[in-house]
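Undergrad: this is a predicted model, with the sequence first.
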Amino acid sequence: MNRIDTSFASVSKFFERKNTETDQIPEHLSGIWELSDLKNMSILTSFNNAEFDKTNRRIIVKLYEPGNWLFGEENLTNNFFVKLLKYSYQFDFDEHYEYATIKIKLGRIPIYIPDSISKWTVEFDKKEGKMIRKTTFFKSVYRYEATRVTDEDELAKIHNCTSFFYC
């Protein structure tokens, strides 16, 4: 894995849009999103460099490509599942890009889990600037909120890492 420092300047540069020739994602999805509510190794993400299919309203965030995902620690899970298996999240949005179902992809293969076992969704609250993810697992619902990170102070509140890691 690779490492960057935890300053807002470094994080902003990491998530800076690399491909300006493709269609831009909707404005309310852009930027850096904190994932600290997940209580795992995922810290930050961005849709800025995700694969965007405007026709099908689909965004694929490839955790294994730089510019998409930052972790709080380097470990075997990151290296094996993310890098080797080319782990991605596929977001299939409604017409306003306010609601999406999420599928896991390994390489080019989506992993389909019946909704009766597990269902992942995300809603975007444009007014509050929040991303609300819900995971249903055997009828139990787990929820977390993510917000945009726009400056050094907000970034400092969400982590206690000395470095961030990416594949």
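TA: Good, I have the coordinates. Numbers count the residues shown, from 1 in each chain.
Undergrad: contact partners of stretch 82-90?
TA: Stretch 82-90 has contacts (CB atoms under 8 Å, 6 or more residues apart in numbering) with 1, 58-64, 69, 81, 102-107, 110, 167. C-beta here means a position set from N, CA and C on the backbone, and glycine is covered the same way.
Undergrad: er, stretch 132-151 actually
TA: Under CB under 8 Å, 6+ apart, the answer for stretch 132-151 is 8, 11, 31-35, 37-38, 44-45, 102, 115, 117-125, 129-131, 154-155, 158.
Undergrad: just the pLDDT for Lys39.
TA: On pLDDT, Lys39 comes in at 63.
Undergrad: next one: Thr20
TA: So, for Thr20, pLDDT stands at 65.
Undergrad: try Lys134
TA: 94.
Undergrad: so what pairs up with it in the strands?
TA: Thr121, Arg143 (DSSP bridges).
Undergrad: Ile4 now?
TA: Bridge pairing for Ile4 - DSSP bridges - gives Phe164.
Undergrad: counting neighbours, what do you get for it?
TA: Neighbour count for Ile4, taken as other CB atoms under 10 Å: 15.
Undergrad: cool, Thr45 as well?
TA: Residues near Thr45, counting by other CB under 10 Å: 20.
Undergrad: give the contact list for it.
TA: Ile32, Trp33, Leu35, Val61, Asn68, Trp69, Leu70, Ala146.
Undergrad: that older thread, mark which of the contacts of stretch 82-90 are buried, thanks.
TA: 58-64, 69, 102-105, 167 (16 or more other CB atoms under 10 Å).
Undergrad: save these as JSON lines, and put in secondary structure too.
TA: Below are the buried ones among the contacts of stretch 82-90 laid out as JSON lines (DSSP: H, G, I helix; E, B strand; the rest coil):
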{"residue": "Arg58", "secondary structure": "strand"}
{"residue": "Ile59", "secondary structure": "strand"}
{"residue": "Ile60", "secondary structure": "strand"}
{"residue": "Val61", "secondary structure": "strand"}
{"residue": "Lys62", "secondary structure": "strand"}
{"residue": "Leu63", "secondary structure": "coil"}
{"residue": "Tyr64", "secondary structure": "coil"}
{"residue": "Trp69", "secondary structure": "strand"}
{"residue": "Ile102", "secondary structure": "strand"}
{"residue": "Lys103", "secondary structure": "strand"}
{"residue": "Ile104", "secondary structure": "strand"}
{"residue": "Lys105", "secondary structure": "strand"}
{"residue": "Cys167", "secondary structure": "coil"}
